[in-house]
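Visitor: here is my input; please provide its structure:
(chains A and B)
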Amino acid sequence: MLLIPCPWCGERHESEFTYGGDATATIPSGDQREDTEAWYQFVYERTNPAGDHAEYWHHSYGCSKWFKITRNTLNNNILDVPESSQS
Amino acid sequence: MQQYSILNLAKHALSGHMRWSRTFGGRKLRKRYDVIIVGGGGHGLATAYYLAKNYGITNVAVLEKGWLGGGNTGRNTTMVRSDYLLPANADFKEFSLQLWEELSQKLNYNVMLSQRGYVSLACSDAEMEAKTQQANALRLRGIDCNILNIDELKKVCPELDVRQNTRYPIQGALYQARGGIARHDAVAWGYARGAHNKGIDIFENCGVEDFIINNNRVSGVKTAKGDIMADTVVVSVAGSSGLMAAKAGFTLPIETLSAQAFVSESLKPIINQVVSFDTGYAFINQSDKGELVMGGHMEPHNGYHQRGGFDRIENTLSTLVTLFPFLSRVRIMRTWGGMVDNSMDGAPILGDTPVERLLFNSGWGYTGFKATPASGWTMAHHIATGEPHDLSEPFKLSRFRDGSLVDEHGTGPYPTAY
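Guide: Numbers count the residues shown, from 1 in each chain, chains lettered A, B, ... in the order given. Just a heads-up that it's a prediction; the model follows:
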């Protein structure tokens, strides 16, 4: 069981949230918008680390806020909670 | 090779079973092999066995970080079946099921295959239609599969609660009579014994730390026991696939998640099939020891921790109690987790990688155990001939670039959705 720190509501039970995946994958923009390799990397490739993992969470059964945290995938420790990265 | 037979059993009984020969291991690590297989789980050991048996390639080393079958081979819920909708998946798993059916005889090792039937429940008209489409697709490919209505289902599975006033009233099921379970440890040990007896070396506690790559071609691996050279290296490490790919300098369309399983205390025989419930997602079978073996959804986030949260346990068990009300009084004995390597379309990633002569057998996610024999068979083919086997060709890594995905579930590139 994880306690996810929502930047708006504070620590809440994992069951209130929806996992949003790897936060390091970025949508190709600017010059890269026509680059199929950049889209391949965004859609499919994941570094999938055993350790610190930047990831999105959505407080779907709470305040609806999207935010980014860094969680260690080996021991589930949550390391830092930056400001909301999507609204 | 010392055959296991009733005659030999009687003979060894006279010496108190103290003189059986060693089944694998005990050889000296050499500096060079034709083929190195990284990972001594079912898939890696099956690959070794079929390399020797089908192609006579025996200058092979299997390197296992821990102990044989100590990863997902020893952690899965042992279900074997071939009821997949897409032709590539169905043909692969059906070939695997056929290999399962003769495996104990071929290996002279009892893998305890029990074809007790696989029941996949449907709880709505839409789900019944989807299952019917799936059964029809399978039958058109010559793979046995039936649709059961409630009366038929009740005969097959009398403990099931099929009343219509429940939260998810059961409408019927897809039924594959040849599906069932096998003894997971025995699969690893049987393949290891078979490979060892054909001259293949197997080393435990020998993790691979890095690859030796020259001019984009693999030439060996670095281990704690020294460098070992090889013409071909095959990586068969399930949940750690992404980490091994990173060492080789490329990224896979794979994320590693934790999947849980649990067993109850031992009961007398009560659930005679493998029963799967897709609406809420949970499955159950009864082991030969009498324990009920259960599982459900994976953890919803990436993880290498080989354990899971209580949420999933509660969710899975409450779902199963709605199917089998008697379960409410059964106690859970153990829970554990495994690392599953889910690919971006839910299908495995087999064969060539960006590095020459470095092959990957990965991306099996939740569904690798049943595929063990065919996976070993097709990987051995690829190593020996340099070309993918017809059955594994659709699962090449390049499918993500050219768009020929094998998306059984049609849920898009979300590994947590499978």
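
Visitor: tell me where the chain has helices.
Guide: You didn't pick a chain, so chain A it is. For chain A, the helices defined by DSSP state H cover A:36-43.

Visitor: my question was about chain B, not that one.
Guide: Going by DSSP H, chain B shows helices at B:6-14, B:42-55, B:87-107, B:125-140, B:150-156, B:184-197, B:241-248, B:310-323, B:372-385, B:399-402.

Visitor: show me what contacts residue 2?
Guide: Just going to use chain A. Applying Cβ atoms under 8 Å, 6 or more residues apart in numbering or on different chains, we find residue A:2 in contact with A:14, A:71, A:76, A:78, B:301, B:309. Every C-beta, even on glycine, is put in place using the N, C-alpha and C of the backbone.

Visitor: actually, chain B is the one I wanted.
Guide: The contact partners of residue B:2, taken as Cβ under 8 Å, 6+ apart, are B:8, B:20-21.

Visitor: is it possible to get JSON lines of those residues that adds pLDDT and neighbour count?
Guide: Listed next are those as JSON lines, based on pLDDT from 0 to 100; neighbours: other Cβ atoms under 10 Å in any protein chain shown:
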{"residue": "B:8", "pLDDT": "94", "neighbour count": "12"}
{"residue": "B:20", "pLDDT": "91", "neighbour count": "12"}
{"residue": "B:21", "pLDDT": "88", "neighbour count": "7"}
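
Visitor: closest one of those to residue B:292?
Guide: For the contacts of residue B:2, the residue nearest residue B:292 by Cβ to Cβ is residue B:20; the value is 32.8 Å.

Visitor: how far away is that closest one from residue B:8?
Guide: To residue B:8, residue B:20 is 9 Å away according to Cβ to Cβ, to the nearest Å.

Visitor: follow-up on the earlier one: need the helices of chain B in CSV (columns: distance to residue B:173).
Guide: What follows is the helices of chain B, written out as CSV (distance: least, Cβ to Cβ, whole Å):
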stretch, distance to residue B:173
helix B:6-14, 39
helix B:42-55, 28
helix B:87-107, 18
helix B:125-140, 7
helix B:150-156, 5
helix B:184-197, 25
helix B:241-248, 34
helix B:310-323, 11
helix B:372-385, 25
helix B:399-402, 32
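
Visitor: quick one, which of those gets closest to residue B:260.
Guide: Taking those one by one with Cβ to Cβ, helix B:310-323 is closest: 5.5 Å.

Visitor: got the buried residues for the closest one?
Guide: Neighbour counts over helix B:310-323 (16 or more other Cβ atoms under 10 Å in any protein chain shown) mark B:311-313, B:315-317, B:319-323 as buried.

Visitor: export that helix as PDB, just CAs?
Guide: Provided in PDB are the C-alpha atoms of helix B:310-323 (Å, rounded to 0.1, in the frame of the first residue of the first chain):
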ATOM      1  CA  PHE B 310      -2.900  -5.200   0.400                       C
ATOM      2  CA  ASP B 311      -5.400  -3.400  -1.900                       C
ATOM      3  CA  ARG B 312      -4.800  -6.000  -4.600                       C
ATOM      4  CA  ILE B 313      -5.100  -8.900  -2.200                       C
ATOM      5  CA  GLU B 314      -8.400  -7.600  -0.800                       C
ATOM      6  CA  ASN B 315      -9.700  -6.800  -4.300                       C
ATOM      7  CA  THR B 316      -8.800 -10.200  -5.700                       C
ATOM      8  CA  LEU B 317     -10.100 -12.200  -2.700                       C
ATOM      9  CA  SER B 318     -13.400 -10.300  -2.500                       C
ATOM     10  CA  THR B 319     -13.900 -10.900  -6.200                       C
ATOM     11  CA  LEU B 320     -13.200 -14.600  -5.800                       C
ATOM     12  CA  VAL B 321     -15.600 -14.800  -2.800                       C
ATOM     13  CA  THR B 322     -18.400 -13.600  -5.100                       C
ATOM     14  CA  LEU B 323     -17.700 -16.500  -7.400                       C
END
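
Visitor: who does it touch, helix- and strand-wise?
Guide: strand B:254-266, strand B:274-277, strand B:282-286, strand B:291-302, strand B:332-343 (3 or more Cβ pairs under 8 Å, 6 or more residues apart in numbering or on different chains; DSSP states H and E).

Visitor: Serialize those strands to JSON lines and add fields for distance to chain A, mean neighbour count and mean pLDDT.
Guide: As requested, these are exported to JSON lines (distance: least, Cβ to the nearest Cβ, whole Å; neighbours: other Cβ atoms under 10 Å in any protein chain shown; pLDDT from 0 to 100):
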{"stretch": "strand B:254-266", "distance to chain A": "5", "mean neighbour count": "22", "mean pLDDT": "95"}
{"stretch": "strand B:274-277", "distance to chain A": "20", "mean neighbour count": "24", "mean pLDDT": "96"}
{"stretch": "strand B:282-286", "distance to chain A": "17", "mean neighbour count": "24", "mean pLDDT": "96"}
{"stretch": "strand B:291-302", "distance to chain A": "4", "mean neighbour count": "23", "mean pLDDT": "93"}
{"stretch": "strand B:332-343", "distance to chain A": "8", "mean neighbour count": "20", "mean pLDDT": "94"}
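
Visitor: picking up where we left off before, and the helices of chain B, which is most packed in?
Guide: Across the helices of chain B, averaging neighbours per residue (mean count of other Cβ atoms under 10 Å in any protein chain shown) puts helix B:42-55 on top, at a mean of 27.

Visitor: grab the nearest non-local neighbour of residue A:4.
Guide: Leaving aside its sequence neighbours, residue A:4 sits nearest to residue A:17 (Cβ to Cβ, 6 or more residues apart in numbering or on different chains; 5.1 Å).

Visitor: how about the residues of chain B that lie near chain A?
Guide: Contacts of chain B with chain A, taken as Cβ under 8 Å from any Cβ of the partner chain, map to B:240, B:242-243, B:246, B:251-256, B:300-305, B:309-311, B:344, B:400-401, B:413-414, B:416.

Visitor: go again with 7 Å.
Guide: B:242-243, B:251, B:253-256, B:300-305, B:309-311, B:344, B:400-401, B:413, B:416 (Cβ under 7 Å from any Cβ of the partner chain).
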